[in-house]
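Engineer: Sequence plus predicted model, see below.
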Amino acid sequence: MRYSRMLLPTSKETPAEAEVVSHQLLVRGGFIRKLTSGMYTFLPLGYMALQKVTDIVRQEMNRAGAQEILMPMVQPGDLWQESGRWQKYGPELLRFRDRHDRDYCLGPTHEEVVTDIARREMQSYRQLPVNLYQIQTKFRDEIRPRFGLMRCREFVMKDAYSFDVDDAGASQSYEIMREAYHRIFTRCGLDFRAVEADSGAIGGSFSHEFMVLAETGEDTLVICSSCSYAANVEKAAITAYSSDFSQEPPADLVRIETPGMKKVEKVAEFLKVQPRKVIKTLLYYIDKAPVAVLVRGDRVVQPVKLKNLLGATDITPMEEDQIWEQLRLPAGYLGPVGFPLQVVADQEVMDMVNAIAGANEKGHHYNGVNPGRDFQPDITGDLRQIDTSDRCPSCGGDLKFKEGIEVGHIFKLGTGYSDAMHATFQDSDGLEKSFVMGCYGIGVSRVVAAAIEQNHDSKGIIFPLPLAPFQVIILNLGPKDERYCQASERLYTDLRSHGLDVLLDDRDERPGSKFNDADLLGIPYRLTVGKIFEKEGRVELRVRKTGVTEVLTLEETGPYLVDLVQSAL
RNA sequence: CGGGAAGUGGCUCAGUCUGGUAGAGCACAGCGUUCGGGACGCUGGGGUCGGAGGUUCAAAUCCUCUCUUCCCGACCA
């Protein structure tokens, strides 16, 4: 490609609306342009980068035995009624009606459609296993799109769905995908971790997320320093916790005055105890019903765990004024003793002895609260978030917390969808059985953003070679000089004939602009036809990532670069 | 949805408090000089100041409504 002919609008200025590095650089480098909140056009260079990712994904999915298909983006509401998700999915599902007043939605994912295909087209165990995938635009009406390509409403996703005869087969399909994902993200040149994850709105029993480590990540990961354990904090189970209360003999329950002490820290400070002696009582609407949730005063509720523990679909914390207006309870002085509503307690709370908790009366708390004696929760379980005081659930080792960007997610779905939609086949024993399913997603457009978050400097992007829209950029610093042009053209033709992706900067621009644009765009190898060419007839090769330069003759440049690129890939 | 900020040539912004008929830099077009890390000079094109309504002799500026975008939050009582 010749730069002079390419729609590649770069800019010195950082766009005002872009907060994170990947967003800034993608806009400055002319990769993307926003259409409206959470929706972007990929300009030619951006689309090239996107295609680098899709090429890798496609190759590895095909290698893993999956078959590419393409499903409609608009889906009939009926199918979602069948699966039960028309009610469950919530406002992220963009719904609308056609001229006949029939319900439709924009596909945020395609379990329903692909299950419909399976039940129509696959009747026998002999046809299984099958893994179908597509690379396509998804739409999710995100509550808050942000950070450019990181969290869009419309985005490019690879989604795959496996169908097996039984759970063992499904596990095998899952493992094949897990390996494929490892290969994909390794080939993309990303520093990533596969972590245990919650299965969320997709449903299912077992899942892993593939996380690119980057400070701007929206997820927090727990990683064990000693073993291979890694999990999303939403998921990380608390298997062991130390309780140092058990030494104390139980004391009597005493009501005390705590005027203005609404925060755990205040109460603890006032009574000269650690916050961990206090029972924190929080109110949530759980599927619209108010429920009290108890955790130790120094802990944090993990809403995803809470949701799973209760089998709920919607969890919303109650506001202070709601608590008063609807329940006539004084927020800040809530406690489980004599509490009028359902109470859910973190397992750890049950080990507390002589704790402090609100008395459900303004300005008053109880001291000497003993779970089991003074109150009995309706449900107990693991519902708090893991923190730095915890040990690895797998080996007891030290835990580290890191931020990550979710670029892939794989799930074992089981027969939830196939049961609901009556997607069955006839097994070798003659019985009709539901397909055992798995689903596997990759945020293709997000991979581009994640790669940039992880690979950039003050001058711009530093693309990993496999994702670079161009592998080489040739800077012709004498575009009006016939000799420069001939040399540049010769290199351009030569490199392209060897299959390299080359951008020839043939613009009539000053050298400074060309150098800066080349850096901004993050093209891994830069060839300069300039001063050294003038003096010695040779060209300069510079590696974007390392800054290492060397001088080569025109003849040797082609083979040398081809070699470099091929060995790096 | 709650809170905050902002909408002025393609981009980054000033002008708004204190009303008087719109500016800078970048980008773009032409000419000239320049040419290894985002040059300079001259000339030029381009804006119903997000939209609607109102106040006023007069509105980018004041008032009301509205749309859009960005940030924070939507778990710690």
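Structural biologist: Sure thing, it's come through.
Engineer: Next, the contact list for the closest residue to residue A:460 other than its chain neighbours, please.
Structural biologist: Leaving aside its sequence neighbours, residue A:460 sits nearest to residue A:520 (CB to CB, 6 or more residues apart in numbering; 3.6 Å). C-beta: built from backbone N, CA, C; applies to glycine. Counting by CB atoms under 8 Å, 6 or more residues apart in numbering, residue A:520 touches A:10, A:25, A:28-29, A:459-461.
Engineer: Repeat the analysis, applying 6 Å as the threshold.
Structural biologist: When contacts are counted by CB atoms under 6 Å, 6 or more residues apart in numbering, residue A:520 is found next to A:10, A:29, A:460.
Engineer: Tell me how far it lies from RNA strand B.
Structural biologist: In this view, residue A:520 and RNA strand B are 5 Å apart by CB to the nearest atom of the strand, to the nearest Å.
Engineer: Same check on residue A:340?
Structural biologist: From residue A:340 to RNA strand B the distance is 15 Å (CB to the nearest atom of the strand).
Engineer: Phi first, then psi, for that residue.
Structural biologist: Main-chain dihedrals, residue A:340, degrees, to the nearest 10: phi -80, psi -10.
Engineer: Residues touching the host helix or strand of residue A:283, excluding its own?
Structural biologist: Using DSSP states H and E, residue A:283 sits in strand A:279-286. Applying CB under 6 Å, 6+ apart, the contact partners of strand A:279-286 are A:264, A:290-295, A:297, A:310, A:312, A:315-318, A:323, A:334-335, A:349, A:355, A:357-358.
Engineer: show me which of those residues neighbour RNA strand B.
Structural biologist: A:264, A:295, A:315-318, A:323, A:334, A:358 (CB under 7 Å from any atom of the strand).
Engineer: now those residues as JSON lines including secondary structure?
Structural biologist: Below are these laid out as JSON lines (DSSP: H, G, I helix; E, B strand; the rest coil):
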{"residue": "A:264", "secondary structure": "helix"}
{"residue": "A:295", "secondary structure": "strand"}
{"residue": "A:315", "secondary structure": "strand"}
{"residue": "A:316", "secondary structure": "strand"}
{"residue": "A:317", "secondary structure": "strand"}
{"residue": "A:318", "secondary structure": "coil"}
{"residue": "A:323", "secondary structure": "helix"}
{"residue": "A:334", "secondary structure": "coil"}
{"residue": "A:358", "secondary structure": "strand"}
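Engineer: Doesn't residue A:326 lie inside a helix?
Structural biologist: Yes. Residue A:326 sits within a helix when classified using three-state DSSP.
Engineer: nearest spatial neighbour of it, skipping sequence neighbours?
Structural biologist: residue A:290 (7.2 Å).
Engineer: Next, the angle strand A:279-286 makes with whichever strand or helix holds the one you found.
Structural biologist: Here residue A:290, judged by DSSP H and E, is contained in strand A:289-296. On the basis of axes from the mean of the first three to the mean of the last three CA atoms, to 10 degrees, strand A:289-296 is oriented at 150 degrees to strand A:279-286.
Engineer: Which residues in strand A:289-296 does the neighbour count mark as buried?
Structural biologist: Under the neighbour-count criterion of 16 or more other CB atoms under 10 Å, strand A:289-296 has A:290-296 buried.
Engineer: And stretch A:50-64, by the same measure?
Structural biologist: For stretch A:50-64, a neighbour-count test (16+ other CB under 10 Å) marks A:50, A:52-54, A:56-58, A:60-61, A:64 as buried.
Engineer: Tabulate the residues you listed in JSON lines, adding columns for distance to residue A:503.
Structural biologist: Formatted as JSON lines, the buried residues of stretch A:50-64 follow (distance: CB to CB, whole Å):
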{"residue": "A:50", "distance to residue A:503": "16"}
{"residue": "A:52", "distance to residue A:503": "14"}
{"residue": "A:53", "distance to residue A:503": "18"}
{"residue": "A:54", "distance to residue A:503": "20"}
{"residue": "A:56", "distance to residue A:503": "20"}
{"residue": "A:57", "distance to residue A:503": "24"}
{"residue": "A:58", "distance to residue A:503": "23"}
{"residue": "A:60", "distance to residue A:503": "26"}
{"residue": "A:61", "distance to residue A:503": "29"}
{"residue": "A:64", "distance to residue A:503": "32"}
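Engineer: and which of those residues is nearest to residue A:554?
Structural biologist: residue A:52 (27.9 Å; CB to CB).
Engineer: circling back to that earlier point, do you know how far the residue nearest to residue A:460 is from residue A:207?
Structural biologist: 38 Å (CB to CB, to the nearest Å).
Engineer: same check, this time on residue A:558
Structural biologist: Per CB to CB, residue A:558 is found 47 Å from residue A:207.
Engineer: same check, this time on residue A:331
Structural biologist: According to CB to CB, residue A:331 stands 36 Å off from residue A:207.
Engineer: More neighbours: those two, which one.
Structural biologist: Counted by other CB atoms under 10 Å, residue A:331 and residue A:207 do not tie: residue A:207 has more neighbours, with 24 against 19.
Engineer: my read: the more buried one touches residue A:413, true?
Structural biologist: No. With contact defined as CB atoms under 6 Å, residue A:207 does not reach residue A:413; the gap is 9.2 Å.
Engineer: just for chain A, where's the confidence low?
Structural biologist: A:200-205, A:241-246 (pLDDT under 70).
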